[in-house]
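Asks: predicted coordinates and the sequence they were generated for:
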Amino acid sequence: MFKISLEDHGVVRLQGRLDASQADEATKTLGKVTKSATVDFKELEYISSAGLGVLIAAQKRLKGSGHELTLANMNSHIRDVFRYARFDLIFKIE
């Protein structure tokens with residue numbers, strides 16, 4: 001199960017498992033983000049390469065207008081995935 005929510009104060013919350021079957025929903029929600037925002041991974045259990053692609057596309061789009069995504073509250077497994085893929089060089093991770 002996957003849930004994504006966009007909160008008023010610039011926080012995007014992810015819950016569950018973000019994989020290819022949920023990529024369209026995540027793309028749609030992240031497409032509504034027009035300014036710098038924090039993506040809260042606290043309740044995300046898993047992210048696939050498709051999920052990583054969604055985040056990269058959103059980051060690229062936002063950087064084009066001088067904004068960015070900051071990623072927060074990752075569990076150690078997801079943090080390792082970002083580090084091994086060298087995405088820690090693309091995103092600010094708190």
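Replies: Received, thanks.
Asks: output the below-cut-off pLDDT ranges for the protein.
Replies: In the prediction, the chain carries no residues with pLDDT under 70.
Asks: what strands flank the longest strand seen in it, and is each parallel or antiparallel?
Replies: When the chain is parsed with DSSP state E, its longest strand is strand 37-47. Each strand pairing with strand 37-47, determined using DSSP bridges, is listed with its direction: strand 11-18 (parallel), strand 69-72 (parallel).
Asks: same list (those strands) but as JSON lines, adding mean neighbour count and distance to Val54.
Replies: Placement of C-beta: from N, CA and C, glycine included. Compiled in JSON lines, the strands paired with strand 37-47 are given as follows (neighbours: other CB atoms under 10 Å; distance: least, CB to CB, whole Å):
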{"stretch": "strand 11-18", "mean neighbour count": "19", "distance to Val54": "7"}
{"stretch": "strand 69-72", "mean neighbour count": "18", "distance to Val54": "11"}
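Asks: and the residue most central in space within the chain, which of the three is it?
Replies: In the chain, the C-alpha closest to the average C-alpha coordinate belongs to Leu55, at a distance of 4.6 Å (CA atoms, centre = their mean). For Leu55, the secondary structure call by DSSP: H, G, I helix; E, B strand; the rest coil comes out as helix.
Asks: that one reaches Val39, doesn't it?
Replies: Yes. Proximity of Leu55 to Val39 meets the contact threshold set by CB atoms under 8 Å, at 7.2 Å.
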